[in-house]
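Build the 3D model from these lines:
(chains A and B)
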Number of protein chains: 2
Amino acid sequence: MNTRFYNGKILTMKNNMEVLEQELWVVGNKIEYIGDKKESNIKWNREIDLKGNLILPGFKNAHTHSAMTFLRSRADDLPLQEWLNNQVFPREAQLLPEDIYWLSRLAILEYLSSGITSNFDMYFHPREIAKASYDSGFRTVIVGALNDFTQSIEEIEEYYLELNNNEKYDDLISYKLGFHAEYTTSKNLLKGIVELSEKYKAPVWTHNSETLREVNDCINRNGMTPTAYLDSLGIYDNGGGGYHCVYLNEEDKKIFKEKNLTIVTNPSSNIKLASGIARIDKFLEMGIPIAIGTDGPASNNALDMFREMFLVSGLTKVKTQDASVVDGNDVLKMATTVGALAMGLNNCDVLEKGKVADLIVIDLNRPNMQPLNNVSKNIVYSGSKENIKMTMINGEILYENGEFNVGIEVEKIYEKANEITKRIR
Amino acid sequence: MNTRFYNGKILTMKNNMEVLEQELWVVGNKIEYIGDKKESNIKWNREIDLKGNLILPGFKNAHTHSAMTFLRSRADDLPLQEWLNNQVFPREAQLLPEDIYWLSRLAILEYLSSGITSNFDMYFHPREIAKASYDSGFRTVIVGALNDFTQSIEEIEEYYLELNNNEKYDDLISYKLGFHAEYTTSKNLLKGIVELSEKYKAPVWTHNSETLREVNDCINRNGMTPTAYLDSLGIYDNGGGGYHCVYLNEEDKKIFKEKNLTIVTNPSSNIKLASGIARIDKFLEMGIPIAIGTDGPASNNALDMFREMFLVSGLTKVKTQDASVVDGNDVLKMATTVGALAMGLNNCDVLEKGKVADLIVIDLNRPNMQPLNNVSKNIVYSGSKENIKMTMINGEILYENGEFNVGIEVEKIYEKANEITKRIR
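Here you go, the predicted structure:
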C-alpha cells in the first residue's frame, strides 16, 4: 500500500516531544518521506486528510499472553493462588492447539483497537500464535514459554530457527529465547537456555520478581534473588530482561543496569492480582530501559495501552507520595520506542525515512484530547481507545474508524472464542 | 422522544447482576416498559435493534469540577502544593463567568462519551454550570463551593432556591449544599451552612480527608479530624457525605456509618496527585455507601468512569495485598445506583417502569467485551469508552456511535475551550 497522510501532526518520537506539522508518506511497508508538502510521482492507494489528527509510532505491548482471552472475566476477585491453581491451570490444560489460534486472533483485534502494533507474546503452541498473527497482518515477537511442564530445550531451538526464518512469515513474526519463570524451571533447563543463548548470542526473557513470595521462595531455594540466581547461571549474558520486576533489590537493579536488561512493567495486572507496585522512578533514575506490557487478559483484564500508561506514572506517584515522579513523556517513550528496542524491532521504534510503517493515528478531535495544551500528556493521562482512529502495521491499515481489516469477519472470531470458552468449563 | 429498544440485553441493576433478554420502552423522559415483546399503540420516534448489546443505567460521576478542562495537561508531574499554588489558583483567578459555560460544555461531551448521565459538580459560577448542562440536555447536580474566598452563605441560599426550582430547568438541574473543605472555610461560614442545612433539612457535601496533611493540619487546628470536627458542628445532621475520604480513622468511619453519609471515591486523582489509596474494602464491610467520581480534569486528567471503576477495585486490592477484596459487581453498583442515590437522583438509580430514562448502551460486539463470560465484570475490568454506543438522558439520545447531539457543533465548543486556554497563560 502507498499511503499519503497530510494535513495532520506527527510525533516522530525522535526529538523528544516535538510535534511536526508535515506530510508522512508510506510506500510499501516503509516510511518514504516525512517533510513539507511536495510533488511526487508515487501512485497513491490512499491519500488521507488527517484533519489535524496526530500520527505516532504504534504502541508496543512488551508482555502479554494473548490466548488467555478465554479466561477474561472468568475468575476475578480471587486470591492469587486460588486463581492460579483452581481457575487458570486446570482450564489451560484443556486447550487445544487450534484454540490458541482463535483466542490469539481475538486478542489481536483488541490490540489493534488500542493502537498496539506489536506484542511480545509468551504462551504455548507458538506456531499457532505465529499463524494467528500472520493471518491478521499483525507483528508478533514470540518468546519461549519453557518450564518443567511444557516445551523442551530442543523445541525452543526448533522454534527459534523456524520462527525467525523470514521466508515463511516475512518479518511480521520473530522469536526470542525465554522461559516461564525461575520457580517453574529446573536448573537443568535453565542451563540449556544459557547454552542456546550463547550459541545464538541471543537475549533471554522471563517473568522475574512479580511477587514478594516468588522472591522469598527463590532466596530460600537458591540463597539468591531470582535476578542474582539467573545471572549467576549466565542467563543474562546476552541481554534480555524481565517481566513485572516489582520486587528488585539494589543488587538486582545493578545487574539490570550493567547488562542493559529491560524491565517490562505491567501495572494493571500487578494491582488486580495484588502483587505490588514497581518503583519505576528508581529504574528511570538509574537509566534502566523500561517497557510496558498489558500482561494477559486473564489477569488484567483489558489489553489497553492507555490504561497501562496512566498507571505506570500514577501508581509510582502514589507509591512514592511524590506527584512529580515518572513524567508522562517518559511513559510515552516506554510505550513506543523503548518497547520496540526491547523486542528487537529496531525498525519500528520511531518515525523516519526507511523505518517500517507501524504507526497509529490519534484522534485529537475528541473531548478528552481538548484543549490541545499538550498533546503527549493528553495521550498518556487522558487518552483512551476511543482516540485510536487508525492502526497501520507494515504499511497496511488493519483498523480504521472502529472497523477491522484482518482478512476475516470479526464475528467469526467472536464466535470461535465463545465456543472455546463454553467448551472449557 | 419515544424509543423502543429490542433484540438486546438489559442489566437493570435491580436484581444484582441478572441480565434480561427483553425489550425496553422509553416514552417521553420515562421508562414505560421492560418485558417480553408485545404489541402497543405507542408512536415510536425510534425503534432500535440493539444487536445483542446491553442497556445499563448511566454512570453517575459523583464528584467533579467540570470547568477545569482548561487545565487539562497544563500542569502535570508536579508536587501537589506547587501544582495548586502556582498552576491552578493563579489561572482560576483569570476565569470569567462565560468561560465556565464553555469549559463545562466541553466536560459534558466527555461525560457523554464515557456513558456518564449525570455529574455532581463543584465549581464557581453555578448559574453558568446550570446553563451549560441544561443547554446540553445533561443532568447536573451542582454543589456549593463556599469557602473563605468565594461565595457567601446568602449566595448559597439564593442558588439553593433558584437552582432547585424546576420551572426554570425542568429536573435536569438540582443543587445541594456544600463547601470546599474544612481547611478553606472558617468556622463562621460552617455554622452558616449548618443553619441552612437545618432550615431546609438538606444534606451537606465537602472535600474530606483527601490528604494526610489535610487531616493532620485539622487535628492541629481543631484537635479533631475533619470528619469529627465537621460532625461536632452539626454539618452532617441532615446527611450528605465527603469527597475523597482517603484518610478516615475508625471514629470517622463510625460517623459515616451512623449518619448514613456517602463516601465518594476518586481513585485516579488520588494516585496522580500522590494523595493515597482509600480503603474501599473497609467501607464496604461496614456498609457505608460508596459512590465514584472522576474529580476534575486538572488532576485526573480524564473524565472516564471505566478508568475509575477498574481502579476502585484494583487499587484496594494492591493496597490490602488481597486480590479478593472489592468485587467488580460492587463497583458497578457504586458507579450507577449508589451514585444516583447519593446525588438525590432517586429516579435515576435503576431501570424499571416509571424511572427516568437515563441509560446507556454498552457495545458488547467489541473485542474487549469478548468472550461473554461475565458481562458485569467485563464492563468493570475491561470496559473502555469505545464500548459506549449510546448515552440517553431524560429520554433523549445525546450521544450515539461517536456522534454528539447537544444542540451545537462540538467544533464550536473545542474552539471556545482552546481560546479560553490560550488567554489564560
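
So which residue is smack in the middle of chain A?
Nearest residue to the geometric centre of chain A (CA atoms, centre = their mean): A:Asn61, 1.6 Å.

Strand partners (parallel or antiparallel) of the helix or strand where it lies?
Here A:Asn61, judged by DSSP states H and E, is contained in strand A:59-64. Sheet pairing for strand A:59-64, assigned by DSSP bridges, gives strand A:116-122 (parallel).

could you point out which element follows the strand it pairs with?
Per DSSP H and E, strand A:116-122 leads on to helix A:126-136 as the next helix or strand towards the C-terminus.

Next secondary structure after that following helix?
strand A:139-143.

export that next one as CSV, just CAs?
C-alpha atoms of strand A:139-143 as CSV (Å, rounded to 0.1, in the frame of the first residue of the first chain):
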residue,chain,number,x,y,z
ARG,A,139,3.5,-8.1,14.2
THR,A,140,4.4,-10.5,17.0
VAL,A,141,7.6,-11.3,18.8
ILE,A,142,7.0,-14.7,20.4
VAL,A,143,9.0,-15.7,23.4
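
quick revisit: between strand A:139-143 and the strand holding A:Asn61, find me the angle.
With axes from the mean of the first three to the mean of the last three CA atoms, to 10 degrees defining the directions, strand A:59-64 sits at 20 degrees from strand A:139-143.

before we move on, back to that, now do the same for the residue nearest to the centre of chain A: its pLDDT.
According to the prediction, A:Asn61 has pLDDT 98.

who does it bridge with?
Beta-bridge partners of A:Asn61, as defined by DSSP bridges: A:Asn119.

Equivalent analysis for A:Val26, please.
A:Thr3, A:Ile31.

thinking again about what came up before, what's the offset of the strand holding A:Asn61 from the middle of its chain?
Centroid separation between strand A:59-64 and its chain, computed with CA atoms, centre = their mean, to the nearest Å, is 1 Å.

and after that strand, which helix or strand comes next?
Strand A:59-64 is succeeded, C-terminally, by helix A:80-82 (DSSP H and E).

got the contact list for A:Met369?
A:Ile362, A:Asp363, A:Val375, A:Asn378, A:Ile379, A:Ser382, A:Gly383, A:Asn387 (CB atoms under 8 Å, 6 or more residues apart in numbering or on different chains). C-betas here are computed from N, CA, C, even on glycine.

List phi and psi for it.
phi -100, psi 10 (degrees, to the nearest 10).

distance of the spatially closest residue to A:Val143 that is not a sequence neighbour from A:Gly234?
Leaving aside its chain neighbours, A:Val143 sits nearest to A:Gly178 (3.7 Å; criterion: CB to CB, 6 or more residues apart in numbering or on different chains). Using CB to CB, to the nearest Å, A:Gly178 is found at 15 Å from A:Gly234.

of the two, who's got more company?
Between A:Gly178 and A:Gly234, counted using other CB atoms under 10 Å in any protein chain shown, A:Gly178 has the larger neighbour count: 24 against 16.

Quick check, the more buried one in contact with A:Asp121.
No: taking contacts as CB atoms under 8 Å, A:Gly178 lies outside contact range of A:Asp121: 10.2 Å.

is it true that A:Gly328 touches A:Ser313?
Yes: at 5.9 Å, A:Gly328 and A:Ser313 qualify as touching, with contact defined as CB under 8 Å.

And these two? Which one has more around it.
When A:Gly328 and A:Ser313 are compared for neighbours, A:Ser313 comes out ahead with 28 against 24, by other CB under 10 Å.

Any figure for the gap between the more buried one and chain B?
According to CB to the nearest CB, to the nearest Å, A:Ser313 stands 7 Å off from chain B.

So which other helices or strands are in contact with the longest strand along chain A?
Ordering each strand of chain A by length in residues (DSSP state E) puts strand A:173-181 first. Here strand A:173-181 touches strand A:116-122, helix A:126-136, strand A:139-143, helix A:153-163, helix A:187-200, strand A:204-208, strand A:240-244, going by 3 or more CB pairs under 8 Å, 6 or more residues apart in numbering or on different chains; DSSP states H and E.

What ranges in chain A fall below the confidence cut-off?
Judged by pLDDT under 70, chain A has no weakly predicted residues.

For the stretch 51-200 of chain A, which residues are neighbours of chain B?
Proximity of the stretch 51-200 of chain A to chain B, by CB under 8 Å from any CB of the partner chain, involves residues A:69-70, A:72-74, A:76-80, A:83, A:106-107, A:109-110, A:113.

from those residues, which would you call buried?
Among those, those buried by neighbour count (16 or more other CB atoms under 10 Å in any protein chain shown) are A:69-70, A:72-74, A:76-77, A:80, A:83, A:106-107, A:109-110, A:113.

With distance to A:Glu210 added, can I get those in JSON lines?
Converted to JSON lines, those look like this (distance: CB to CB, whole Å):
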{"residue": "A:Thr69", "distance to A:Glu210": "21"}
{"residue": "A:Phe70", "distance to A:Glu210": "22"}
{"residue": "A:Arg72", "distance to A:Glu210": "20"}
{"residue": "A:Ser73", "distance to A:Glu210": "21"}
{"residue": "A:Arg74", "distance to A:Glu210": "20"}
{"residue": "A:Asp76", "distance to A:Glu210": "18"}
{"residue": "A:Asp77", "distance to A:Glu210": "19"}
{"residue": "A:Leu80", "distance to A:Glu210": "10"}
{"residue": "A:Trp83", "distance to A:Glu210": "13"}
{"residue": "A:Leu106", "distance to A:Glu210": "25"}
{"residue": "A:Ala107", "distance to A:Glu210": "20"}
{"residue": "A:Leu109", "distance to A:Glu210": "27"}
{"residue": "A:Glu110", "distance to A:Glu210": "22"}
{"residue": "A:Ser113", "distance to A:Glu210": "27"}
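
picking that back up, just name the closest of the residues of the stretch 51-200 of chain A next to chain B to A:Ile219, please.
Distance to A:Ile219 across these (CB to CB) is lowest for A:Leu80, with 19.0 Å.

so what's that closest one up against?
Contact analysis of A:Leu80 by CB under 8 Å, 6+ apart lists A:Thr211, A:Leu273, A:Ala274, A:Ser275, B:Ala323.

gap between it and B:Asn329?
A:Leu80 is 20 Å from B:Asn329, where distance means CB to CB.

pull the CA atoms of the longest strand of chain A into PDB?
Extracted in PDB, the C-alpha atoms of strand A:173-181 (Å, rounded to 0.1, in the frame of the first residue of the first chain):
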ATOM      1  CA  ILE A 173       7.000 -12.900  13.200                       C
ATOM      2  CA  SER A 174      10.100 -13.300  15.200                       C
ATOM      3  CA  TYR A 175      11.100 -15.400  18.200                       C
ATOM      4  CA  LYS A 176      13.100 -14.800  21.300                       C
ATOM      5  CA  LEU A 177      14.500 -17.200  23.800                       C
ATOM      6  CA  GLY A 178      12.600 -17.300  27.100                       C
ATOM      7  CA  PHE A 179      11.200 -19.400  29.900                       C
ATOM      8  CA  HIS A 180       8.300 -19.000  32.200                       C
ATOM      9  CA  ALA A 181      10.000 -18.200  35.500                       C
END
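
now the angle between helix A:153-163 and it, please.
With the same axes, to 10 degrees as the basis, strand A:173-181 and helix A:153-163 are set at 160 degrees to each other.
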